[in-house]
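>>> Test case, fold it:
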Amino acid sequence: MNYILFDDKQIRTGLFPLTLTRPECDLRYGITTVREKWEAYLNEKTSTLTSAYLSQKYPVKEADENILIKANIIPNKELVEAIMNLKPGDTLVKGDNIIAYNVSREFLSAVETEMEENQIIFEGDVHCIKNTWQLFSELDEAISADFEFITKGRKSAPLSSTNRVIGDGKIFIEEGATVEHATINTSAGPVYIGKEAVVMEGSLIRGPFALCDHAQVKMGAKIYGATTIGPYCKVGGEVSNSMFLGYANKAHDGFIGNSVIGEWCNLGAGTNCSNLKNTYDPVRLWSYLDETFVNTGLQFCGVIMGDHSKTGINTMINTGTVIGVNVNLFGSGFPRNIISSFSWGGASGFKVYNLNKAFQVAERVYERRGKVFDDVEKGILKHIYDKVVR
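Just a heads-up that it's a prediction; the model follows:
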């Protein structure tokens, strides 16, 4: 069967700036991305139906018979079984919401049109990502669920005797990982260390915690759960209840809490974010969909940072700040708490980040990770730049 994960335009806009550079299903939720969860459950590769400017990087694969699944939905066993049992022309729904279709090639273009024929009501639980802050606020349950799924029936690599473990919770170490002279507390949740990942000496880690493949925790880091450090990230200093999607650096001291950090970001030494208002009121966060600030219902909320954004040393970020794609933030004082993509500056003011300069920086950053910043990547960033600047 050909499985396609499709974006909903409104939901994807509500997940900006994180989905400015990726489909909804390529957000990391827990330990793995939503796409990786679906592919593990289905035991099949998936493709994506998304915005045109992303489609060269994330092309759709068409077949005579296709099952399309809404890309922000988190799979579970019961839901996957219902989807796999869909017959041609069937639509799986929960209340007023469409979950999945089984359609022929000629009906692929009608994916966002409600189909009344052959509706099948799903009676089980459906959980989906609608807001950016869910990526950190739901990390406790998401890490624990992924941990059980990923490690079921498998044996962990041995943990070095130089480490001190507190609690009788679960630890799983993938092959090739290095963990030495760390203190790991599993009392509140599991700890997962991915392939070739490194936890350096003196690190203090409390679960639930996930360190994905090839990522590093720097010496003396203090990490509170629930936190996920995505693949190839380098993280030090103090981190609490945060999601690093991947390929990002926070290598030095400074605090990040209740936050989501996109890919290819770099936080300069001493960068600190506030995650609690002095009034203790619930935090309001900018919504690209509503074009206003919305109430998160959370007392703790730090920063949502889009891909390719950077901060200078000693940068201060206010409670409930949303930073777009390719922002260069620096200087003294607190900048405003909504910063448009391709902004260059800080509290004293912003100018437009030159597109060619942004490309040059991205090329160097990709090269450091053994990757190529190609014309496809340039096209995505240029589309975002054109929408913001022109």
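>>> And the helices in the chain?
Per DSSP state H, the chain carries helices over the ranges 9-14, 34-42, 77-84, 134-137, 139-151, 355-368, 375-389.
>>> can you list the domains in the chain?
As recorded under automatic domain parsing, the domains making up the chain are 2-128, 134-389.
>>> In CSV: those, plus mean pLDDT and mean neighbour count.
C-betas here are computed from N, CA, C, even on glycine. Putting these into CSV (pLDDT from 0 to 100; neighbours: other Cβ atoms under 10 Å) gives the following:
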stretch, mean pLDDT, mean neighbour count
domain 2-128, 92, 18
domain 134-389, 96, 19
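>>> Dump the helices of the chain to JSON lines, plus distance to residue 324.
What follows is these, written out as JSON lines (distance: least, Cβ to Cβ, whole Å):
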{"stretch": "helix 9-14", "distance to residue 324": "13"}
{"stretch": "helix 34-42", "distance to residue 324": "22"}
{"stretch": "helix 77-84", "distance to residue 324": "33"}
{"stretch": "helix 134-137", "distance to residue 324": "17"}
{"stretch": "helix 139-151", "distance to residue 324": "23"}
{"stretch": "helix 355-368", "distance to residue 324": "12"}
{"stretch": "helix 375-389", "distance to residue 324": "7"}
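>>> who are the neighbours in contact with residue 130?
For residue 130, the contacting residues are 11, 14-15, 72, by Cβ atoms under 8 Å, 6 or more residues apart in numbering.
>>> Contacts for stretch 286-298, please.
Identification of contacts with stretch 286-298 by Cβ under 8 Å, 6+ apart yields 10, 13-14, 16-17, 131, 133, 137, 258, 282-285, 320, 322, 337-338.
>>> picking that back up, closest one to residue 310 out of the contacts of residue 130, please.
residue 15 (21.6 Å; Cβ to Cβ).
>>> hang on, the closest one packs against residue 133?
No: at 10.4 Å, residue 15 does not count as touching residue 133 under the criterion of Cβ atoms under 8 Å.
>>> any idea how far the spatially closest residue to residue 265 that is not a sequence neighbour lies from residue 309?
Distance criterion Cβ to Cβ, 6 or more residues apart in numbering; nearest residue to residue 265, sequence neighbours excluded, is residue 248 at 4.2 Å. Residue 248 sits 9 Å away from residue 309 when distances are taken as Cβ to Cβ, to the nearest Å.
>>> Mutual contacts of these two, please.
Counting by Cβ under 8 Å, 6+ apart, the residues touching both residue 248 and residue 309 are 262, 265.
>>> Show the contacting residues for residue 351.
343-345.
>>> Kindly reformat those residues as CSV containing distance to residue 197.
Conversion of those to CSV gives the following (distance: Cβ to Cβ, whole Å):
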residue, distance to residue 197
343, 33
344, 33
345, 35
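>>> Residue 352 against residue 341, yeah?
No: using Cβ under 8 Å, residue 352 is not in contact with residue 341; the gap is 10.0 Å.
>>> wait, isn't residue 249 in contact with residue 234?
Yes: judged on Cβ under 8 Å, residue 249 makes contact with residue 234 at a distance of 4.8 Å.
>>> starting at the chain centroid, how far to stretch 6-21?
How far stretch 6-21 lies from its chain's middle: 12 Å, per Cα atoms, centre = their mean, to the nearest Å.
>>> From start to finish, how long is that stretch in a straight line?
15 Å (Cα to Cα, to the nearest Å).
>>> How about stretch 30-39?
In stretch 30-39, first residue to last residue: 15 Å (Cα to Cα).
>>> Touching that stretch from outside, list them.
Under the criterion Cβ under 8 Å, 6+ apart, residues 3, 5, 23-27, 29, 40, 45-46, 48, 69, 71-75, 129, 139, 142-143, 145-147, 149-150, 192, 210, 212, 228 lie in contact with stretch 30-39.
>>> start to end distance for stretch 79-88?
17 Å.
>>> now what about that stretch, what contacts it?
Residues from elsewhere that reach stretch 79-88 (Cβ under 8 Å, 6+ apart): 1, 41-42, 65, 67, 69, 73, 92, 99-104, 118, 120, 122, 124-126.
>>> Export stretch 238-253 to CSV, keeping only CA atoms.
Presented in CSV, the C-alpha positions along stretch 238-253 are these (Å, rounded to 0.1, in the frame of the first residue of the first chain):
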residue,chain,number,x,y,z
GLU,A,238,21.0,24.4,31.9
VAL,A,239,18.0,23.0,30.0
SER,A,240,14.5,22.3,31.3
ASN,A,241,11.5,20.7,29.6
SER,A,242,12.6,21.6,26.1
MET,A,243,12.7,20.1,22.6
PHE,A,244,15.7,20.5,20.3
LEU,A,245,14.6,19.3,16.9
GLY,A,246,18.1,18.5,15.6
TYR,A,247,21.4,19.9,14.3
ALA,A,248,21.3,22.8,16.8
ASN,A,249,23.9,24.0,19.2
LYS,A,250,23.6,25.3,22.7
ALA,A,251,27.2,24.4,23.7
HIS,A,252,27.7,26.9,26.5
ASP,A,253,26.2,28.1,29.8
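>>> chain center to it, what's the gap?
Distance of stretch 238-253 from its chain centroid, counting by Cα atoms, centre = their mean, is 12 Å.
>>> what do you get for stretch 297-314?
Distance of stretch 297-314 from the chain centroid (Cα atoms, centre = their mean) equals 13 Å.
>>> Thank you, goodbye.
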